[in-house]
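J.: below are the sequence and a predicted model; questions follow.
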Amino acid sequence: MNIRSFRSYFCVSLLSTVLVLPLLMVSCSNRNDDNTLIEKKNEGQLVDSIVVIACLDSVFVKVNSKDTSGYLIDFIQRFSEENMLNVSYKLFTHFSEAFHDFLNHPNRILLLPSTHASVIPKGFLLSKPVLERNLPLSQSVLTELVTTNHARFFAAKSFVHNVMYGALKGNLSTNLNVLTSFAVNHQDSLQLDRLNGFIARTDHRADIAFLKHYYFKIGLPSSMRRYRNPWLTKGNISPFDDSFKKYSKNYALDWKLVAAISFKESRFNPIAVGAGGAYGLMQFMPFVAKKYQIDGKSTPDQQIRAGCKFLSNAFRSWNSITSEEQRIKFTLASYNAGTGHILDAQRLAVKYGLNPQVWDGNVQLMVNNLSLPKYYKDSLVRSGPYHGHAHQYANLVYQIYLSWKVF
């Protein structure tokens, strides 16, 4: 073994030791005489309220006089909304305090912001990674990988820090695969399944990709280029943010959803004219524009007001859809194709054993099928064939909307 190999081997071994030692120390101090962590209670039960435990950190959790923000807050907000959970937070300065609280209470989720494959913690369950960073070794990365309550042993001037960092800094190819995961106690395995399911479903979702890009500068996948909006770099979504906000509020809509439609339809061009005769920011067809009292001379403000009224009417028409996400997608599909075609697809979904209350993979599939004679000639179909792309449009606009909710 040459000197460089020995130094790298020594450093990785020592890194594994210092990463796992604080966990073992805290874990051992909380074990009962029967060598179990805590008494198992409510095993096999899912609850509708959870407590998320974390240490204060400028990226994952940041508290100021106005609010609490960070990657953790945004991620958990989405998890709780989609699983209808009540969430509260307990934030600590030192990891030992957070870990002690986590081990001694059920229905707690602990954020482990930085873990390494060389350390497999014992005594609890780990979720799938919610973030993966391949980071060049540096003093800041090394500090991030050790618990805050032992920071005095790893200060930049300490002997241990100099040995570990000094052994690796000469090797420019040294990188560490740093993972961020959640920990749950063994009696909360069903909670872990629910959390892992959400992580798996959203791994390639636009809003999660934008969260990673926003907080950690992780590059966006090439498939996300369609969501790029030059106005975002200037702190706005569009040149018409004030109008979107004003009229969306009047109609109880999320202004970013209306803006996402306008971005998809016209790239915020108030004089855009489509191949089918649609025009303006919201790309109204002439017969729809007449109904909402706008024309080619209408101002951007008037166009946005009409778009909000149109979208509000569509949203109210789908009040039977209980899922907020699915209801928005039905609304977007109606905006693009007209409500009649979506109702036809809904009736066909029932006939073919699909769920008429779910857009994704159900009514969405029947909308796509409405271009085929077998389906549009069915007696259930009242609005004739449909050759558009609402089956793609609804999900695309929804993804744009989700990605903009990050900002």
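T.: Arrived safely.
J.: tell me the domain boundaries of this protein?
T.: For the chain, automatic domain parsing gives the domain ranges 3-203, 241-404.
J.: as TSV, those with distance to residue 215 and mean neighbour count would be great.
T.: Using the backbone N, CA and C atoms, a C-beta is placed for each residue, glycine as well. Converted to TSV, those look like this (distance: least, Cβ to Cβ, whole Å; neighbours: other Cβ atoms under 10 Å):
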stretch	distance to residue 215	mean neighbour count
domain 3-203	4	16
domain 241-404	14	19
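J.: rebuild those as a markdown table, extending it with mean pLDDT and distance to residue 212.
T.: Listed next are the domains of the chain as a markdown table, based on pLDDT from 0 to 100; distance: least, Cβ to Cβ, whole Å:
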| stretch | mean pLDDT | distance to residue 212 |
| --- | --- | --- |
| domain 3-203 | 69 | 6 |
| domain 241-404 | 94 | 11 |
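J.: what's the closest of those domains to residue 222?
T.: domain 241-404 (14.4 Å; Cβ to Cβ).
J.: tell me where the stretch 1-150 of the chain has strands.
T.: Under the criterion DSSP state E, counting those that start in this stretch, the stretch 1-150 of the chain contains strands at 49-55, 62-63, 68-69, 86-92, 108-115, 125-126, 131-136.
J.: mind checking those strands for the one nearest to residue 305?
T.: In terms of Cβ to Cβ, the element of those nearest to residue 305 is strand 68-69, at 31.9 Å.
J.: partner strands of the closest one and their direction?
T.: The strands beside strand 68-69 in its sheet (DSSP bridges) come out as strand 62-63 (antiparallel).
J.: now the nearest residue to residue 354 once chain neighbours are set aside: how far from residue 370?
T.: Leaving aside its sequence neighbours, residue 354 sits nearest to residue 362 (Cβ to Cβ, 6 or more residues apart in numbering; 4.2 Å). Relative to residue 370, residue 362 is positioned 14 Å away (Cβ to Cβ, to the nearest Å).
J.: about what we covered before: how about TSV for the strands of the stretch 1-150 of the chain, with distance to residue 310 added?
T.: Listed next are these as TSV, based on distance: least, Cβ to Cβ, whole Å:
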stretch	distance to residue 310
strand 49-55	38
strand 62-63	39
strand 68-69	34
strand 86-92	35
strand 108-115	41
strand 125-126	47
strand 131-136	39
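J.: regarding this protein, what is its longest strand?
T.: As assigned by DSSP state E, the longest strand anywhere in the chain is strand 175-184.
J.: residues touching that strand, excluding its own?
T.: 60, 102, 108-117, 121, 124-137, 141, 144-145, 191-192, 195 (Cβ atoms under 8 Å, 6 or more residues apart in numbering).
J.: by how many degrees do it and strand 108-115 diverge?
T.: 180 degrees (axes from the mean of the first three to the mean of the last three Cα atoms, to 10 degrees).
J.: can you count the residues close to residue 219?
T.: 9 (other Cβ atoms under 10 Å).
J.: ok, the closest residue to residue 368 other than its chain neighbours - contacts?
T.: Nearest residue to residue 368, sequence neighbours excluded (Cβ to Cβ, 6+ apart): residue 391, at 4.3 Å. By Cβ under 8 Å, 6+ apart, residue 391 lies in contact with 333, 364-365, 367-368.
J.: redo that, cut-off 10 Å
T.: 333, 336-337, 345, 359, 363-371 (Cβ atoms under 10 Å, 6 or more residues apart in numbering).
J.: grab the nearest non-local neighbour of residue 185.
T.: Nearest non-adjacent residue to residue 185 (Cβ to Cβ, 6+ apart): residue 124, at 5.6 Å.
J.: adjacent strands (with direction) for the longest strand of the chain?
T.: According to DSSP bridges, strand 175-184 forms sheet pairs with strand 108-115 (antiparallel), strand 125-126 (antiparallel), strand 131-136 (antiparallel).
J.: residue 355 is nearest to which of those strands?
T.: strand 108-115 (30.4 Å).
J.: so residue 361 sits right up against residue 367, yeah?
T.: No. The criterion here is Cβ atoms under 10 Å, and residue 361 misses it with residue 367 at 11.3 Å.
J.: next structured bit after the longest strand of the chain?
T.: The element immediately downstream of strand 175-184 (helix or strand, assigned by DSSP states H and E) is helix 189-202.
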